[in-house]
Every structure is written in C-alpha cells, then in structure tokens.
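Novice: Predicted structure and sequence below. I'll ask about it afterward.
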Amino acid sequence: ETSVERLDGDGSPTLARLRDLQGEVRDRDGQFCSLANRGKEQIVVAGESDIVLGSKVGELGRRWSILQNMIMGIQDKLDREGEHLREKMENMRQWLDKKAMEMNRLKVGDSLGTIRKQKEEHIAFRENIQMRRGEIETTMGEGVRQNMEGVVQMEEDWLRVLAVTESWSRELDLAESGARQLDDTLTVLDRKVCKVETEQAGWSLPPSLDTVEGEREELDQAVSALHQLEEEVLQAKLVSDSAPSVSQAAHQKLVTIERRLTELQEAARSRREQLAGLEMVPDPASQQFLASSVPAGWERCLTQDCVPYFSCHDSETTQWDHPEFVQLIETIAAMNTVKFSAYRLALKLRKIQQKLCLDLLDIASAVVCFDSHGLTAEKHDLTICVPEMVTILTSIYETLYQCEPEDITVSVCVDLALNWILNVFDSQRQGFTRVLSFKLGLVLLCRGPLLEKYSVMFQLAAGGESANLDQRRLGLLLYDLVMVPRYLGEVAQFGGSNIEPSVRSCMSVGVKEPRASLDCDMFVKWLQDEPQSLVWLPVLHRLASAETATHDVKCRICRVDPIV
C-alpha cells in the first residue's frame, strides 16, 4: 500500500515502476485469496460470536480492493499520459519533417538583396527552432523515460534539422560574400572604364602633327590601362562563373563592361593608326638602310605597322623570317639530337647568340643604351614598336661595330636581332611588344658574369635595384623568360607555360609560405639553386665558358700544347 501510494503521489509515475507493483500484487494474490478463505472458514466454524475475526477479514478484503483500484487508477493515468505523449511526439515529428522538406527545397537567391532577405528569414526560423528546442528535447526525454517507440527516429530527425539549418546558414553567408565581392568588383571596373572613356574623349579630334609624340605616349599609357582592365574583367568573369548564383543585373553589368572595353580597344587601335599616318620617322627607324641586309633575289618589305617581311623573287613567296635567320633555325634544328634538354636548349641559344653577335655586347653597355633611349623602368609596362626597336638595335650594333668591325655587319645584325625579338615576343607580327620583353630578349644573350645578369634581370622586373619584386612583376618576368624555350620547342621540358609553380617557389625562398615580395638577394639565391624552369640559363653560361677553356697539357696525337 505504501509503494502504491508513493507511486500515485508521484507527479510522473513510470510504466516500469507500475509493472513492478502489478507483478508483486499478482504474486501475493494467491496468498490473499488463501488467507481470506481461511478467515471465512474460521468465521463459519465460530459462528457470529467471533466479531473480531469477522471485522479483520472484512478490513483485509476492503484494503485489498482499494489497493487494486489504486493500481488500476494509476494504469489509467499512465495510459492517458502515454496517449497524450504519443500524440505530442507525432505532431513534433510531422513538424520536423515539414521543416526538413522546406529547408531541402530552398535555393540561394540570385541577387544580394534576395540573399539578405533569405538570411533574415533564416534567422527568424532559427529563433523559432531555439524557442521550441526545450519543448522538443523535454518531450524526447520523456519518451525515452517511458520507453516509447519512435523516440530514436525523432532524435535523428531533430539532429538532421539542426544540421541542415547550420549548412544553409553557411551557404547563405558564402553566397552573400560572393555576391558582395562581385558587386564591388563590377563597381570598381565600371569606375575605371568611365575614367578611360573620359580620357578617350579627345580621340574624336584629328591628331595634330605638333602633338604626335605626346599623343603617342598618352595612347601607350591608355593601352597599358586597357590591358590591366582586360585582366581585371577576366578575373571578374572567373568570380562570376564560380559563384553559386549571379543576378541578372550583375550579369548584364559585366556584359556591358566587356562591350565598352572592346569599344575602347578598337578606338585605341584606330587612334594608333591615325598617329602612325602622321608620324615623321627619322633614320634609322625608317629602316631604309636595312634593305641591303638581304641576299640577292630577296627584297625586304614592310607592312602598314612597319613590320618587316621578306619576298623571294625567284620563288615568288613571302615570309616573316630573314633568309639568314631561316638558315640559322635549320642549323639549330640539328641539335635536337642532343639528349639532355638543358644542354640542347643552351646549345641552340649559344648558336643564336653568336649569330646575332650579342656575345660581343656586355650587359652594362646594353643597360646604358636602353637608358639613353629613354627606356626607363617607368616604361616597362608600355609597348615599343618596330621602328623604335630598330633605332635602339642600330645604336647598339653601331657601337659594337666601332670595336669589332670585322665581325659586325650592322644591317644584318639589326635585322636578325629584330627577327629574334619578334619571333619570341610578337609571333603574330602586331608590330609591337612590351618594353620589358624587348630588353629581356637582348639581356639574356649578352655576355657577362651570370650573377650580374641575374641582378640586371631583377632590376628590370622590379624597376630598380633597391625596389622589391612582387608576385605580379615576377610573373611577368617569368612569363617573358618562358617564351624563349617555348619558341625553340623546348618549353615542355622546363615546366610548360604555367609559371605559377615557379612564382610560388621563388616567393618561398627561405620560408614555408610565399611572401608578398622579395629583394634582389633572395631572387639571386633562388636562381643560384637553378630552378627547373630556368636551368638552361646557367648551362648557357657554362657552355660559353667551356669554349675558351684551356688545358695545360700536350696532345698525344698532334702534339699541340696547351689543348684549347
């Protein structure tokens, strides 16, 4: 009776405790029946005179009935609570299933405003989840305590809803960041395009003969700005393509910027043609003296952009390459039998270096010549056209001719060097290349100590010896350098056209993570380790040194002493 009263007085009796009491009552039911029967028999024998015995037997029956009624009451209470709990759990399961289906059907909006609205709605949904969290977890705990079916499935549904909620929150944050970045990028691009369009407004007027030089410099700067804009537009397209969704407005804005950029590039080309028509080209940029550089039966001609090409009257054919340069290429083709790629490329470059007579030009003289013609570091990102190249090359070879008149034929050397520069850096014969590319094409083949050449390459790329080289300028430098093996058909053996590994390797000299910039000493140290992409450059210097090496011994056959 005490156990039943305690269970009945408990606010939340459990089914397990009730089953224990019911089992105990069933176990004692036989004893009670036996005792009650014996009491009744005793009353019959004693008659009605034994009042005490009769009252005890009656009291025992009454208490036993009360006990069974109490157990039945508790059973009924538990049944009602269980039904209510099952109904409550079923409602919660349906709510969880509904929310999970709603979350799975959600898609990220296609605009920044839509995404922000989705985030606000999702925040409200998460607050609703948190408000019901206590109720749901309490209900699941009660279900576990009552050992009810479906509790495990409900817990799984609840955890799944929480996981989907967190995942959707992260997805919205990522989408908002991407959309905001794209919008900011497009705004900056639109501002830059507007600036170039404003500067271009003067191009509608006919050019003046008195201002041709100034306008050409302004045009070169505008073309450089357009190249930079083109790279930024390409980067914006990559961001747009990688974004989960892009609004129609952003896509249309990007298309409009591309169209305006194309129109600006067309206008720049048209303006260059206008300025070229008024250009008073002085000698030697007129290239008239180079007509004598070709052998008999050949004629040196010029395109509208002053790019040379060569016409053979015997075969009635034309070609971009100088006849002697064609012979040079045929000669170095025989070196393809060399097994090791670094030595094969170095031998080819050594042959070109000797044919162009650049092995007679020291690096310091080349740098002085560049500076004397105004090719300073500020102009490295600008372009240099063929007439300007001819002027500088003529100045270089005329200086060499004063020192080596027997080895130098100025017109031929100028044409071959120009041919080399155009083949490597302007294979499409547009008639211009970057100033930095032009200078590197000559410096690579100059004579001089290897470390000095490394330092000069750094100064050209960084803009000065005390300046630092950032990743962008290092990439431009390595891109120009990789053009050499690419032209000679050896680029695959030196890492291909992908310069990213070389940039990362150079920027990581002495550290684990790539730095933002590096100085000359770090750059030279990286090159001294002979990275795979540039290993051919020190091999070229070793080959040149080996040609003049002497061995202080006598040949056993011809008796020459020393052996050279």
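Specialist: Received, thanks. Numbering: from 1, shown residues only.
Novice: going forward, measure contacts and count neighbours with C-alpha atoms only.
Specialist: OK.
Novice: buried sites along stretch 481-488?
Specialist: Residues of stretch 481-488 classed as buried by neighbour count (16 or more other Cα atoms under 10 Å): 481, 482, 483, 484, 485, 486, 488.
Novice: again with stretch 286-302
Specialist: 286, 287, 290, 293, 294, 298, 299, 300, 301.
Novice: Just name whatever secondary elements the strand or helix carrying residue 346 is in contact with.
Specialist: Assigned by DSSP states H and E, residue 346 belongs to helix 341-355. Helices and strands touching helix 341-355, by 3 or more Cα pairs under 8 Å, 6 or more residues apart in numbering; DSSP states H and E, are helix 323-333, helix 536-547.
Novice: between those helices, which gets nearest to residue 143?
Specialist: Ranking the helices and strands packed on helix 341-355 by proximity to residue 143 (Cα to Cα) places helix 536-547 first, at 76.3 Å.
Novice: any residues touching the closest one, and which ones?
Specialist: For helix 536-547, contacts defined as Cα atoms under 8 Å, 6 or more residues apart in numbering pick out 342, 343, 345, 346, 347, 349, 350, 450, 530.
Novice: can you check stretch 369-379 too?
Specialist: Contacts for stretch 369-379 (Cα under 8 Å, 6+ apart): 392, 395, 396, 435, 439, 460, 463, 464.
Novice: make it 6 Å
Specialist: residue 463 (Cα atoms under 6 Å, 6 or more residues apart in numbering).
Novice: So which bits of the helix or strand residue 239 falls within are buried?
Specialist: Using DSSP H and E, residue 239 sits within helix 212-242. With burial defined by 16+ other Cα under 10 Å, the residues of helix 212-242 counted as buried are 212, 215-216, 219-226, 229-230, 232-233, 236-237, 239-240.
Novice: which is the next helix or strand following it?
Specialist: helix 248-278.
Novice: Next, the buried residues of that following helix.
Specialist: Neighbour-count burial for helix 248-278, counted by 16+ other Cα under 10 Å, picks out 250, 253-254, 257-258, 260-261, 264-265, 268, 271-272, 274-276.
Novice: buried stuff in the helix holding residue 346?
Specialist: Buried, per 16+ other Cα under 10 Å, within helix 341-355: 341-353, 355.
Novice: thinking again about what came up before, would you point out the most distant pair within the buried residues of stretch 286-302?
Specialist: Farthest pair in the buried residues of stretch 286-302, by Cα to Cα: 286 and 298, 19.0 Å.
Novice: can you give me the strands for this structure?
Specialist: Assigned by DSSP state E, the chain shows strands spanning 298-302, 308-312, 317-319, 383-385, 432-434, 469-470, 517-518.
Novice: how about these, which one is nearest residue 411?
Specialist: Nearest to residue 411, of the strands of the chain and by Cα to Cα, is strand 298-302 at 11.7 Å.
Novice: Rounded mean pLDDT for the closest one, please.
Specialist: For strand 298-302, mean pLDDT is 93.
Novice: can I get the CA coordinates of that strand in PDB?
Specialist: Extracted as PDB, the C-alpha positions of strand 298-302 are listed here (Å, rounded to 0.1, in the frame of the first residue of the first chain):
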ATOM      1  CA  TRP A 298      65.300  38.800-102.000                       C
ATOM      2  CA  GLU A 299      63.500  42.100-101.100                       C
ATOM      3  CA  ARG A 300      62.900  43.500 -97.600                       C
ATOM      4  CA  CYS A 301      59.300  44.800 -97.400                       C
ATOM      5  CA  LEU A 302      57.200  46.500 -94.600                       C
END
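Novice: That strand - contacts with which helices or strands?
Specialist: strand 308-312 (3 or more Cα pairs under 6 Å, 6 or more residues apart in numbering; DSSP states H and E).
Novice: Parallel or antiparallel, which strands does the strand it packs on pair with?
Specialist: Strand 308-312 has the following strand partners under DSSP bridges: strand 298-302 (antiparallel), strand 317-319 (antiparallel).
Novice: Check what pLDDT residue 391 gets.
Specialist: Taking residue 391 on its own, its pLDDT is 92.
Novice: what separates it from residue 359, distance-wise?
Specialist: Between residue 391 and residue 359 the computed distance is 20 Å (Cα to Cα, to the nearest Å).
Novice: Repeat that for residue 467.
Specialist: 29 Å.
Novice: And for residue 518, the neighbour number?
Specialist: The number of residues packed near residue 518 is 20, by other Cα atoms under 10 Å.
Novice: that older thread, which secondary structure elements does the helix holding residue 239 sit against?
Specialist: Helices and strands touching helix 212-242, by 3+ Cα pairs under 6 Å, 6+ apart: there are none.
Novice: How many residues are close by residue 394?
Specialist: Residue 394: 21 neighbours (other Cα under 10 Å).
Novice: Equivalent analysis for the one 4 residues further on, please.
Specialist: For residue 398, the count of nearby residues is 19 (other Cα under 10 Å).
Novice: try residue 368
Specialist: Other residues near residue 368 come to 12 when the count uses other Cα under 10 Å.
Novice: Switch the contacts of helix 536-547 over to a markdown table; also include distance to residue 369.
Specialist: Converted to a markdown table, the contacts of helix 536-547 look like this (distance: Cα to Cα, whole Å):
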| residue | distance to residue 369 |
| --- | --- |
| 342 | 31 |
| 343 | 31 |
| 345 | 28 |
| 346 | 26 |
| 347 | 27 |
| 349 | 23 |
| 350 | 23 |
| 450 | 20 |
| 530 | 29 |
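Novice: Farthest-apart pair in those, please.
Specialist: Spatially, the most separated pair among those is 350 and 530, at 18.4 Å (Cα to Cα).
Novice: Counting neighbours, what do you get for residue 434?
Specialist: 18.
Novice: Repeat that for residue 317.
Specialist: Residue 317, neighbours per other Cα under 10 Å, totals 10.
Novice: if I look at it, how far off is residue 218?
Specialist: 39 Å.
Novice: now swap in residue 253 and tell me
Specialist: With the distance defined as Cα to Cα, residue 253 ends up 28 Å from residue 218.
Novice: ditto for residue 442
Specialist: The value you get for residue 442 to residue 218, if Cα to Cα is used, is 26 Å.
Novice: now swap in residue 475 and tell me
Specialist: Distance from residue 475 to residue 218, by Cα to Cα: 26 Å.
Novice: Run through the stretch 301-450 of the chain and note the low-pLDDT ranges.
Specialist: Applying pLDDT under 70 to the stretch 301-450 of the chain flags no residue at all.
Novice: looking at it, residue 309 is touching residue 303, isn't it?
Specialist: No: counting by Cα atoms under 6 Å, residue 309 sits too far from residue 303 to count as a contact (7.5 Å).
Novice: Which one of the two is surrounded by more residues?
Specialist: Between residue 309 and residue 303, residue 309 has the larger neighbour count (other Cα under 10 Å), namely 17 against 11.
Novice: so what's the more buried one up against?
Specialist: By Cα under 6 Å, 6+ apart, the contact set of residue 309 is 301, 319, 320.
Novice: which ones are touching the last one?
Specialist: I take that to be residue 320. Contact analysis of residue 320 by Cα under 6 Å, 6+ apart lists residue 309.
Novice: can we see that at 8 Å?
Specialist: By Cα under 8 Å, 6+ apart, the contact list for residue 320 reads 308, 309, 310.
Novice: And for residue 356?
Specialist: 413, 416, 417.
Novice: if I look at the last one, how far off is residue 403?
Specialist: If I follow you right, that is residue 417. 19 Å.
Novice: Quick one: mean pLDDT over stretch 151-164.
Specialist: Average pLDDT, stretch 151-164: 77.
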